[in-house]
Every structure is written in C-alpha cells, then in structure tokens.
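Participant: here is the input, now give the coordinates:
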Amino acid sequence: MATLSSTYLNLIDIHKQNNPAIGEVIEVLKRQNPILDDAMAMECNMGAVHRHSIRTGLPTPAWGRLYQGIPQSKSSVQQVDDTTGFLEARSGVDTRALKMSKNPGALRLGEAMAHLEAMNQEMASGMFYHDTATTPEKFKGLAARFGTLGGGAAGNQIIDAGGTGTDNTSIWFVTWGDHACHLLYPEGTKAGVSRFDKGEQRVLDTDGNPYYVKEETFEWHMGMAVKDWRYVVRIANIDVSELAAGNVDLYKWMRKAYWKLQSRRMDGKSSRIAVYANRDVLEALDGLGTHGGGTGGNDYLRVTPRELEGKEVLTYRSMPLRETDALLNTEARVV
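Facilitator: Numbers count the residues shown, from 1 in each chain. Below you'll find the predicted structure:
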C-alpha cells in the first residue's frame, strides 16, 4: 500500500509558489507542525464556507429477471457546511534597532519567526481540538467530529483504549485527499500564511510615549472538511499514566485502527495517509520495539524507519508516523 502521494500539492508546495520567502520559513515551522507535510488544501466553493455532501448510504442493487423491471434506488447523502476562520499576528521592530543592525532583514525575520511559530502551533492545535460550537470564530477540528463513541457514522471510527479520567491522549489515522479529509481556505484567497509589510509605523510604549517601528502583519485563513468519515480513525482514551507504566498494548489498538481505515486498500495516488501522535506515545512505541514488546511479527507491523519520498521517517505498516505536540495528554474520556 502506498502511503504518500506527490500528485497533490500540500501546504508547503502552495506556500513556496505564492511567496518563496514565507515558504522557506514554513519549511522550518513544519518541524513543530508536521501536518503541514501531509495536509492538502482546497478553495471553498461559497466564499468563506465550503458546502459539500457526505454519503451516508449506498443504493441497493437488484438481481434482474427476464421480463421484469429493476427497482429504482439511490444513495443517501447529507449536506454539510464547513466554515473557515482567520488568525492574525503583528510583528514590529524598533527602527533604531534596525539602523544599528548589520542585517536588518534578518532581525525582522527573527522577530517574525516567533509570531509565525505561535500561529503554527495554534493552527496545529485547532486541527485536532477547535470546535465552532464553542468558538464560532474558529473552525471545526477532528475531535469535534469524532467525539462520541458508537452510534454509527464517525462514532464507529473511534476506538476506545480504555482510559478514564482526564489524563488521556489520542492517536489519529488521517487520510488527506479531496474525497477524505482536507483543509480549506476562503474563495478568492490563497492557502497558508500571507505577509503584509506595513512599513514604518508610529506606536506608543507602555507610558504612552511614541516611537517608530517597521511593522509587518501575518494572516492565515483555514478551515477543515471531512468528506468521508471512513478515512479517519481515532484511538481515544489512551491513559497516559498507564502508558508510562508500560501497561498499554499500543500495537493492539493500532492494529484495530488500521483495519477500520478505508484508505488502507487504496493505491495512494489520490491521497496521503499519516498517523499522528505525541512524543509520549511515540516513545512508548519505540520502547515496545526496543525491548521486544509486540515482537514475533514482521517489522512491517511495528514502528520502523523507512524512506518515503526521499526522507527517512518512522512508519507503521508503511504509513508515516508524525510527532505533534498539539495532541494533549489531558483529554477527557470520550464516551
């Protein structure tokens, strides 16, 4: 099974095309947000809103007989509107500091990097945890869609690892593609970060005294859509304290997630598949491999380094494992 495709542009590709300078910055920032390596972005079809249909049922075929008709049937769909939100940051450097600097451009970039990293971390967190039901100015992330066990549809894509309390974490198997999960940006705009150089601006210090800065602002529009819930799986309720004690059989739960994932049977030409976890989960997986836990099977079934698109990455069943600090160890139990 191919897991990564170079057919579709990811956010890194789009950044480089729209603004090469920002693209190089995002290359650095993706180390904190590896989702940028995988996620595909699509333009909304209704301004800042993307309207699409989720298939909830298939038509019913019928065996034919001579001199007898075929009953009419159709698939069932549900119309969904996904919205976008925008995140902004403003960076300013004292003009006097710029005059004294041998490389004022690098000085401004250094200050901008802090703002961009903060935006980057906020967006990474939002992809998993934002919910328009409680924060309508943001966008709807994955946990808001895969937040209730069972009951059909997305609930069937959640695996309960048994943790209770509020010290849980999750592992996510995500398929990125126009038929699966993808990011959004408003119609007529561009994906990713936009930079606006505001030039020299008069500002006030904390005492109300004026001084001048060279100012730039950054803007990032983003939303998320899940076209087909079968292409995402969440392993929820992983008890972090039990994980640290070595009492969680991670490979058991990851095996179950793999067999729930619709895209495991696809050729990878129209999608990218990746597995997201935080450092504690990946350390536990590393420990299982190092100390022989879960052995007795092919290395393909465990965490192993592989070369994908010219890079060495950790993989599980050939799917890249991405470390992201956006996934918390303080999740409440999903019920």
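Participant: mind giving me the packing neighbours of whatever helix or strand residue 259 lives in?
Facilitator: Using DSSP states H and E, residue 259 sits within helix 250-260. If you count contacts as 3 or more Cβ pairs under 8 Å, 6 or more residues apart in numbering; DSSP states H and E, helix 250-260 packs onto strand 158-160, strand 168-176, strand 232-239, helix 279-290. C-beta coordinates here come from the backbone N, C-alpha and C atoms, glycine included.
Participant: find the nearest non-adjacent residue to residue 165, please.
Facilitator: residue 333 (6.7 Å; Cβ to Cβ, 6 or more residues apart in numbering).
Participant: please look at the one you found and residue 164 and confirm they touch.
Facilitator: Yes - with contacts counted by Cβ atoms under 8 Å, residue 333 reaches residue 164, the gap being 5.4 Å.
Participant: between the two, who's got more neighbours?
Facilitator: A count of neighbours by other Cβ atoms under 10 Å puts residue 333 above the other of residue 333 and residue 164, at 16 against 12.
Participant: tell me the strands beside the longest strand along the chain, with direction?
Facilitator: Looking across the chain with DSSP state E, the single longest strand is strand 76-94. Strand 76-94 has its sheet partners listed here by DSSP bridges as strand 49-57 (antiparallel), strand 210-226 (antiparallel).
Participant: how about a markdown table for those strands, with mean pLDDT, mean neighbour count and distance to residue 176 added?
Facilitator: As requested, the strands paired with strand 76-94 are exported to a markdown table (pLDDT from 0 to 100; neighbours: other Cβ atoms under 10 Å; distance: least, Cβ to Cβ, whole Å):
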| stretch | mean pLDDT | mean neighbour count | distance to residue 176 |
| --- | --- | --- | --- |
| strand 49-57 | 84 | 15 | 15 |
| strand 210-226 | 95 | 20 | 11 |
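Participant: of all these, which lies closest to residue 115?
Facilitator: With Cβ to Cβ as the measure, strand 210-226 is the member of the strands paired with strand 76-94 nearest residue 115 (6.0 Å).
Participant: what about residue 287, distance to residue 150?
Facilitator: 31 Å (Cβ to Cβ, to the nearest Å).
Participant: neighbour-wise, which of these two wins?
Facilitator: Taking other Cβ under 10 Å, residue 287 and residue 150 do not tie; residue 287 has more neighbours (14 against 10).
Participant: the more buried one contacts residue 245, correct?
Facilitator: No - taking contacts as Cβ under 8 Å, residue 287 lies outside contact range of residue 245: 11.4 Å.
Participant: of the strands paired with strand 76-94, which is nearest residue 88?
Facilitator: strand 210-226 (5.3 Å).
Participant: residue 197 pairs with what?
Facilitator: With DSSP bridges as the criterion, residue 197 is bridged to residue 216.
Participant: correct me, but it touches residue 218?
Facilitator: No - Residue 197 is not in contact with residue 218 according to Cβ under 8 Å; the separation is 10.7 Å.
Participant: which element, helix or strand, includes the residue lying closest to residue 178 once chain neighbours are set aside?
Facilitator: Nearest non-adjacent residue to residue 178, counting by Cβ to Cβ, 6+ apart: residue 42, 6.2 Å away. Here residue 42 is covered by strand 41-43, with elements defined by DSSP H and E.
Participant: do residue 193 as well
Facilitator: Element membership for residue 193, per DSSP H and E: strand 192-204.
Participant: now the stretch 201-335 of the chain, which segments are flagged as low pLDDT?
Facilitator: Scanning the stretch 201-335 of the chain with the threshold set as pLDDT under 70 gives 265-270, 289-301, 307-310.
Participant: next, the contact list for the spatially closest residue to residue 97 that is not a sequence neighbour, please.
Facilitator: The spatially closest residue to residue 97, leaving aside those adjacent along the chain, is residue 107, at 6.7 Å (Cβ to Cβ, 6+ apart). Applying Cβ atoms under 8 Å, 6 or more residues apart in numbering to residue 107 gives the contacts 93, 97, 98, 101.
Participant: change it to 10 Å
Facilitator: Residues in contact with residue 107 (Cβ atoms under 10 Å, 6 or more residues apart in numbering) are 93, 94, 97, 98, 100, 101, 214.
Participant: next one: residue 330
Facilitator: Taking Cβ under 10 Å, 6+ apart, one finds 165, 166, 167, 168, 169, 240 in contact with residue 330.
Participant: go again using 8 Å as the cut-off
Facilitator: 166, 167, 168.
Participant: element containing residue 274?
Facilitator: Counting by DSSP H and E, residue 274 is part of strand 272-277.
Participant: against which helices or strands is that strand packed?
Facilitator: Counting by 3+ Cβ pairs under 8 Å, 6+ apart, strand 272-277 packs on helix 35-38, strand 168-176, strand 319-323.
Participant: run a quick neighbour tally on residue 195.
Facilitator: Residues near residue 195, counting by other Cβ under 10 Å, number 16.
Participant: surely it is in contact with residue 119?
Facilitator: No - applying Cβ under 8 Å, one finds residue 195 not in contact with residue 119, separated by 11.4 Å.
Participant: lovely, talk soon.
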